[in-house]
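Novice: sequence and predicted structure, then a few things I'm wondering about:
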Amino acid sequence: VNCILEAFGHAKTLKNNNSSRFIKLLTIQYCDKRKTLLRARVYAHMLEKSRLVHLPPQQHSFNIFHLMAEGQSPEENSALYLNNVLAHRYLSGRLPGENPPVAEASTESRERLTAVKHALRALCFNKQLLERGQCLPVTFPPVFLLGSLPALAKGQPFTCLVSLLVVCSGDLSNALISTFSDLSTRRHTVEMSEQYRDQLAKAIYGRLFSYLVNSTNEYLQGQDDSIGDPALEIGILDIFGFEEFERNGFEQLCVNMTNERLRQYVSEVLFQQEQAECLQEGIAMETPPTPATSQPSWTSFFRYVAGLDRFSPKPQGLLCVLDEESQSLRPAEQSLYKRLSAQLDSCPTHGLSLTTKDGNGNPPPKDQGPAFTVSHYAGQDATILLSLSQCPPTAPEVPDLSKILKKKGSSSFLQRLERCGPITVAVQLRNTLSEVMSKLQACTPHFVECVRPNTSGQPERFDSSHVSTQLQYIGVLEMVRMIRYGYPVRLSFPGFLSRYKDLVVPTLGDEKKLSPEERCRSTAVVSECVTLQMGSSKVFLR
């Protein structure tokens, strides 16, 4: 299961050769009485689909594409319309004028690709198709061909695409270059057509990934359905790794918000554990003032640290406002800017500001005034079209495209769109946070943080700046800031007497009749230490 998820959901980045590009929660149920595993389940959230169509500089696409480029023969790739895989626009990531990269055969990639095929076969994918290099034959070629498709939706790539998707050429062309309503048809600009094309590619890959996760979960359910013995559960949550980008898009903003919320939860849990020991020992902890209000409150302090209260809450959170305005019938840019500007002016937030420049740093035209620039698109006509694809399954074990794309049939899919409108990235973010947090709060949590000593993967090399950046990112310094309001040095009575024996002996002499607690209290009184408190079994020092 892991090699499938890593192939389709991981990518090589500047910080990590195998970076997870989605949030993965793996739960394992086991019978404690019989000491046996029962079943497992994978929950996948927020796949970084933008990596598929907009490759950041010096970044790689998902692992599976590079495994196919380096692990399959030219003949195998040619059969999939993939002559030079890395030369395709979605994978090359090259600047204008640069020559496309050429994939070099790799024994390691071939072995990893073989392992992926074996794993897919275990999930009941067709053996003959896998041996021909077609992990999911109806999916990969369309994704690549869409990236090579010109804005006018014609030419050889378009002809191949129509053949692979088994849809009407006119319907596909219209879905990519036009928008239809009950009253009119509007032709897209070149830029809008390219956005529709990329949106369609992301939809195909996103549904493929969801299909693989669902197939994985069917495989992991196991055969033991007995419920006589209570089942216990272990959950492992793996979130996005630490990365640095020169420019963040909206999707990365959502990733950062998710990480911040989880970091906030970690800080809350760790502090509650620290606080619980103080309460058990009868030690009073000082409550820090919240910088924004100067009022002592741990709850406000945690919210201020994460800075999330400006984004998520309804109805005035930035994401809620963005959703409302993007679904409005009136032009949204001016009203969105005014609402966000008024909200920030009414209650300024540290580190959060609104710029009058667009995403590329360009100021707005003088005759328009300030604007909040949003690149948005409907993208629904093309997705609906593919849910009606007539592509038959090549074998009973292989899903056809329409099965991957539609959930409860094309009619119910259309009805959901008409009833609810599109599910935006912001709505998906809120749903993800709600589901993940509810699962975490029902568990007894343990935390593991990975800190890389350097960026080059070399042994015996410690990059202080790089480590410091990661410590700031994962909230260690904020945790230190919180703990200093308590008493982080906690010694048992014998431990205190041993460490500070040079103070204890002159103070008490040889009064061995006193208990360890009494000797500690006497030493504290004589030394007049104001940063010390006596608990029921420990000495607490600041």
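Specialist: In hand now; what should we look at? Numbering: from 1, shown residues only.

Novice: helix or strand: which one has residue 254?
Specialist: helix 250-281 (DSSP states H and E).

Novice: which neighbouring elements make contact with that helix?
Specialist: helix 298-306, helix 425-441, helix 476-483, strand 538-541 (3 or more Cβ pairs under 8 Å, 6 or more residues apart in numbering; DSSP states H and E). No exception for glycine: its C-beta is placed from N, CA and C like everyone else's.

Novice: out of these, flag the one nearest residue 532.
Specialist: strand 538-541 (5.4 Å; Cβ to Cβ).

Novice: what residues are up against the closest residue to residue 483 other than its chain neighbours?
Specialist: Take residue 483 and drop its neighbours on the chain: the residue closest to it by Cβ to Cβ, 6 or more residues apart in numbering is residue 274, 6.1 Å away. By Cβ atoms under 8 Å, 6 or more residues apart in numbering, the contact set of residue 274 is 483, 486, 488.

Novice: next one: residue 50
Specialist: 202, 249, 251.

Novice: if we use 6 Å, what do you get?
Specialist: Applying Cβ atoms under 6 Å, 6 or more residues apart in numbering to residue 50 gives the contacts residue 251.

Novice: can you list phi and psi of it for me?
Specialist: phi -60, psi -30 (degrees, to the nearest 10).

Novice: then residue 532?
Specialist: The phi/psi pair for residue 532 (degrees, to the nearest 10) is phi -130, psi 140.

Novice: just to check, it is in contact with residue 524?
Specialist: Yes: using Cβ atoms under 6 Å, residue 532 is in contact with residue 524, at 5.2 Å.

Novice: quick check: residue 26 vs residue 220, distance?
Specialist: 9 Å (Cβ to Cβ, to the nearest Å).

Novice: ok so, going back, of the contacts of residue 274, closest to residue 15?
Specialist: Residue 15 has its nearest neighbour among the contacts of residue 274 in residue 483, at 28.0 Å by Cβ to Cβ.

Novice: and the pLDDT at the closest one?
Specialist: Listed pLDDT for residue 483 reads 72.

Novice: and residue 237, by the same measure?
Specialist: Reading off the model, residue 237 has pLDDT 90.

Novice: and the one 4 residues further on, by the same measure?
Specialist: Predicted confidence (pLDDT) for residue 241: 68.

Novice: re the thing from before, show me which residues of the helix holding residue 254 are buried.
Specialist: In terms of neighbour count (16 or more other Cβ atoms under 10 Å), helix 250-281 has its buried residues at 250-255, 257-271, 274-275, 278, 281.

Novice: helix, strand or coil for residue 26?
Specialist: strand (DSSP: H, G, I helix; E, B strand; the rest coil).

Novice: that one contacts residue 237, correct?
Specialist: No: assessed by Cβ under 6 Å, residue 26 is found out of contact with residue 237, at 8.1 Å.

Novice: okay, stretch 15-34 in CSV with CA atoms only?
Specialist: Taking C-alpha atoms only, stretch 15-34 is exported to CSV below (Å, rounded to 0.1, in the frame of the first residue of the first chain):
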residue,chain,number,x,y,z
LYS,A,15,14.1,19.5,0.9
ASN,A,16,13.1,15.9,0.5
ASN,A,17,13.5,13.2,-2.2
ASN,A,18,10.2,11.6,-1.3
SER,A,19,8.0,14.3,0.1
SER,A,20,4.4,13.6,0.9
ARG,A,21,2.2,15.9,-1.1
PHE,A,22,-1.0,15.1,0.7
ILE,A,23,-2.2,14.6,4.3
LYS,A,24,-2.3,10.9,5.1
LEU,A,25,-4.0,9.4,8.1
LEU,A,26,-3.5,5.6,8.4
THR,A,27,-5.6,3.8,11.1
ILE,A,28,-4.9,0.2,12.1
GLN,A,29,-7.5,-1.8,14.2
TYR,A,30,-6.3,-4.7,16.2
CYS,A,31,-7.7,-7.1,18.7
ASP,A,32,-5.8,-6.7,22.0
LYS,A,33,-7.1,-10.0,23.4
ARG,A,34,-6.0,-12.1,20.5
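
Novice: show me the shaky parts of the stretch 101-250 of the chain.
Specialist: Within the stretch 101-250 of the chain, the stretches with pLDDT under 70 are 125-140, 150-155, 179-184, 223-230, 241-242.

Novice: if you set the cut-off to 50 instead, what comes out?
Specialist: For the stretch 101-250 of the chain, residues meeting the criterion pLDDT under 50 lie at 132-133, 137-138.

Novice: how about the strands in it?
Specialist: 178-180, 185-187, 231-238 (DSSP state E, counting those that start in this stretch).

Novice: now the ones you listed in JSON lines, with distance to residue 167 and mean neighbour count?
Specialist: Compiled in JSON lines, the strands of the stretch 101-250 of the chain are given as follows (distance: least, Cβ to Cβ, whole Å; neighbours: other Cβ atoms under 10 Å):
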{"stretch": "strand 178-180", "distance to residue 167": "15", "mean neighbour count": "15"}
{"stretch": "strand 185-187", "distance to residue 167": "19", "mean neighbour count": "9"}
{"stretch": "strand 231-238", "distance to residue 167": "37", "mean neighbour count": "14"}
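
Novice: mind putting those in a markdown table, distance to residue 40 included?
Specialist: Formatted as a markdown table, those follow (distance: least, Cβ to Cβ, whole Å):
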| stretch | distance to residue 40 |
| --- | --- |
| strand 178-180 | 43 |
| strand 185-187 | 48 |
| strand 231-238 | 10 |
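
Novice: quick one: which of these is nearest residue 90?
Specialist: Of all the strands of the stretch 101-250 of the chain, strand 178-180 comes closest under Cβ to Cβ, at 23.5 Å.

Novice: where along the stretch 351-500 of the chain do the helices fall?
Specialist: 380-387, 401-405, 410-420, 425-441, 464-473, 476-483, 493-499 (DSSP state H, counting those that start in this stretch).

Novice: weakest of those by average pLDDT?
Specialist: helix 410-420 - the lowest mean pLDDT of these, at a mean of 37.

Novice: that older thread, right, so of the strands of the stretch 101-250 of the chain, which gets closest to residue 122?
Specialist: Using Cβ to Cβ, these put strand 231-238 closest to residue 122, at 21.0 Å.

Novice: what strands line up against that closest one, and which way round?
Specialist: Next to strand 231-238 in the sheet, as set by DSSP bridges, lie strand 23-31 (antiparallel).

Novice: centre of the chain to the partner strand, how far?
Specialist: Distance of strand 23-31 from its chain centroid, counting by Cα atoms, centre = their mean, to the nearest Å, is 18 Å.

Novice: following that strand, which helix or strand comes up?
Specialist: Following strand 23-31 in sequence, per DSSP H and E, is strand 36-45.

Novice: just the angle between that next one and strand 23-31, please?
Specialist: 160 degrees (axes from the mean of the first three to the mean of the last three Cα atoms, to 10 degrees).

Novice: so strand 36-45 versus helix 425-441, what angle?
Specialist: Using the same axes, to 10 degrees: strand 36-45 against helix 425-441 is 150 degrees.

Novice: noted, bye for now.
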